[in-house]
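Participant: Okay, predicted coordinates and the sequence, questions at the end:
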Amino acid sequence: MKRAVQDAGSPRKMVPTIKRGPILWDNWSAVLVLIPSLIALGLFVYGFIVWTAYVSLTNWNSYIPNFRWAGLRNYISVFQTFRFQSDIRNIVVFTVLFIVGCLALGLFLAVLIDQKIRWESLFRSIFIFPMAISFVATGVIWSWLLNPQTGVNLILRSLGDTHPPQWFLSTVFVPSISAGLIQAGIPLALVAVTIAAIWQMSGFAMAIYLGGLRAIPEEMKEAARIDGAGSWRLFWTVIFPQLKSSTITAVIILSAASLKVFGLIYAMTGPGQDFTTDMPTLNMFQTTFQGSQFAQGAVIATLLFLIMAAFSIPYLLTVLRREEEA
């Protein structure tokens, strides 16, 4: 159907009118394809999250299910254990060292690659390659490299070091500060585990920073050079402030990765002596499936979920806000 439109001083024009029909079959087919995935997501992800939270409030701490209401008693009991207090110390130390190490090494590698070096793609692939290795394989490799009797210590002994580090077998804390049931310092055994984790995930931080560096306009850098800024001043006053969004993204994702670390600890050290390398994920696994303390294991899982949500939700809200503004 067409309707006639006539402007002053111009001949009549026939403008086609748009007739809105029913929703196309393509739209309905897309919805139908997504429905099974949405049902599976709701059941096997969010449904089990709700179920785990419910179990954490019951008395199910044996092979025989017991859904008698316990309230917050399981949470109080878990927080009072020596192992969980050690886990809290370990996860804080590991997360801080892991994020700082990955960001520092990743930024350093990104700046080097951004200098338009030869074989850039080769070096970029080499630095990112450890991410393709499973955490279990990384734990096995680094447990051999940092074993006090083999690996790195063989080189140190050949250089004259008669007392090489004990690495992940060390029981030393720096500093050694008593706080309730635990030592509140940094376990040196955990530092060895953090080195392995940084080696594996620093390539991710490098990729994030490299994308941020390549997004900075060359005109901005050239203007700073014309104003007399040297290399260091150019980096700290012009380049680094432009990497704020890249840093936030890397921190959020690395924080979630540090909270979920399991395979690396399980393969490399286990809980360690006096739980010096224990993590909440390993504690949850052993408490639930080896100790049959299902309610207490659910408590640890629920707490980890809440901590990860506290890191992830603000990031997701920020991303959505930016998309709306764009």
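Facilitator: Arrived safely, thanks for sending.
Participant: Contact partners for residue 157?
Facilitator: residue 164 (C-beta atoms under 8 Å, 6 or more residues apart in numbering). For the C-beta atoms, the positions are set from N, CA and C on the backbone; glycine is no exception.
Participant: again, only this time at 6 Å
Facilitator: For residue 157, no contacting residues are found, by C-beta atoms under 6 Å, 6 or more residues apart in numbering.
Participant: likewise the one 10 residues further on?
Facilitator: For residue 167, the contact set (C-beta under 6 Å, 6+ apart) comprises 146, 192.
Participant: Residue 52 now?
Facilitator: Residue 52 is in contact with 298, 301, 302, counting by C-beta under 6 Å, 6+ apart.
Participant: got a markdown table for those residues, with secondary structure too?
Facilitator: What follows is the contacts of residue 52, written out as a markdown table (DSSP: H, G, I helix; E, B strand; the rest coil):
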| residue | secondary structure |
| --- | --- |
| 298 | helix |
| 301 | helix |
| 302 | helix |
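Participant: looking at these, which has the most residues close by?
Facilitator: For these, the largest number of neighbours (other C-beta atoms under 10 Å) sits with residue 298, at 24 neighbours.
Participant: what's the distance between it and residue 261?
Facilitator: Separation of residue 298 from residue 261 (C-beta to C-beta, to the nearest Å): 20 Å.
Participant: can you give me the helices in the chain?
Facilitator: 25-41, 48-55, 73-79, 82-113, 120-128, 135-145, 152-158, 188-214, 218-226, 231-234, 244-259, 263-268, 280-285, 294-325 (DSSP state H).
Participant: Quick one: closest of those helices to residue 172.
Facilitator: Closest to residue 172 of the helices of the chain, according to C-beta to C-beta: helix 188-214, at 4.8 Å.
Participant: Mind giving me the packing neighbours of that closest one?
Facilitator: helix 82-113, helix 120-128, helix 135-145, helix 244-259 (3 or more C-beta pairs under 6 Å, 6 or more residues apart in numbering; DSSP states H and E).
Participant: out of these, nearest to residue 198?
Facilitator: Of all the helices and strands packed on helix 188-214, the one in closest proximity to residue 198, counting by C-beta to C-beta, is helix 82-113 (4.0 Å).
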